[in-house]
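S.K.: Give me a 3D structure for the following:
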Amino acid sequence: MSASQINATQCAQVDIVRAAKPAAMDMRSGLYEIRGMFNVSHWRDGKRINEWNIPNGITNEGKNKLLDVCFDAATQITTWWMGLIDNASFSALADSDTYDDIDQAGNGWDEFTSYTDANNGSSTTTRPEWGPDSASAQSISNSTVAIYDITGAGTVKGVFTVGGIAAAQTKGDHASGGTLWATALFTSGDVVVAVSDQLKVTYTVSA
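M.R.: Predicted structure coming up:
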């Protein structure tokens, strides 16, 4: 080849990568995912001052209860209640958290109880009920919003859902036989509440 000749070769290669389907949507994968989301709005002097969507973590106790009811003829839990997680003495949430360790050394958190239950005659002793409507489009949620009327200033860390015994309606209860279904922390930081504030909560479970 003379100095004036150029031999040029070009090569192009294209790889096509197809994204995997999310496990919850791919029935052939054999995986099935339950997800939950708390919607919490913070009200002061009749005005909404903030709002959050908080994904929950389902406890091992909650998952075991779900499996027992579906596959081992355990008694269905037909009434559920929601409580608030206190920032005071908080260390961590864990999959191993249980109902009978609420406000006990076994869980790394205590319950925030300085509120009245607006939907239950402003009761000073009850947790607001989570009363879901029938499931639709693979989701179930409460159309009646749970309302916490704050009676003592403090800092709220998150939310939880409990059921299984009648006493689960009572703030601070941790009797044997209850089920701690799910817990969640505010993802954008703790919420400082003042007397007469309101927290309004909706909880949705999706599959």
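
S.K.: CA only for contacts and neighbour counts going forward, please
M.R.: Will do.

S.K.: what sits against Gly131?
M.R.: 79-80, 141-144 (C-alpha atoms under 8 Å, 6 or more residues apart in numbering).

S.K.: which of those are buried?
M.R.: 79-80, 141-142 (16 or more other C-alpha atoms under 10 Å).

S.K.: Please enumerate the helices of this structure.
M.R.: 60-71 (DSSP state H).

S.K.: Dead centre of this protein: give me the residue that sits there.
M.R.: Central residue of the chain (C-alpha atoms, centre = their mean): Asn56, 2.8 Å from the mean position.

S.K.: so how many other residues sit close to Ile147?
M.R.: Residues within reach of Ile147, counting by other C-alpha atoms under 10 Å, total 23.

S.K.: residue contacts, it?
M.R.: 117-119, 128, 198-201.

S.K.: again with Ser196
M.R.: So Ser196 contacts 44-45, 149-151 (C-alpha under 8 Å, 6+ apart).

S.K.: now Ser114
M.R.: Contacts for Ser114 (C-alpha under 8 Å, 6+ apart) come out as 150-153.

S.K.: mind checking pLDDT for it?
M.R.: pLDDT for Ser114: 98.

S.K.: And it, its phi and psi?
M.R.: phi -90, psi 70 (degrees, to the nearest 10).

S.K.: quick one on the thing from earlier: and of the contacts of Ser196, the nearest to Phe38?
M.R.: Asp149 (17.6 Å; C-alpha to C-alpha).

S.K.: burial of the closest one, as a residue count?
M.R.: By the measure other C-alpha under 10 Å, the count of residues near Asp149 is 23.

S.K.: likewise the one 3 residues further on?
M.R.: Other residues lying near Gly152 total 15 when counted by other C-alpha under 10 Å.

S.K.: Tell me how far it lies from Thr116.
M.R.: The gap separating Gly152 from Thr116 is 10 Å, by C-alpha to C-alpha, to the nearest Å.

S.K.: Reformat the contacts of Ser196 as a markdown table; add distance to Lys65 and pLDDT.
M.R.: Converted to a markdown table, the contacts of Ser196 look like this (distance: C-alpha to C-alpha, whole Å; pLDDT from 0 to 100):
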| residue | distance to Lys65 | pLDDT |
| --- | --- | --- |
| Arg44 | 38 | 98 |
| Asp45 | 40 | 97 |
| Asp149 | 31 | 98 |
| Ile150 | 32 | 98 |
| Thr151 | 34 | 98 |
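
S.K.: Mind checking which of those residues are in strands?
M.R.: 44, 149-150 (DSSP state E).

S.K.: How many residues are close by the residue nearest to His174 when sequence neighbours are not counted?
M.R.: Excluding its sequence neighbours, the residue lying closest to His174 (C-alpha to C-alpha, 6 or more residues apart in numbering) is Asp100, at 4.3 Å. The tally of other residues near Asp100 (other C-alpha under 10 Å) stands at 17.

S.K.: Isn't Asp100 up against Gly178?
M.R.: Yes. Applying C-alpha atoms under 8 Å, one finds Asp100 in contact with Gly178, separated by 6.9 Å.

S.K.: Now do the contacts for Glu51.
M.R.: By C-alpha under 8 Å, 6+ apart, Glu51 lies in contact with 39-42.
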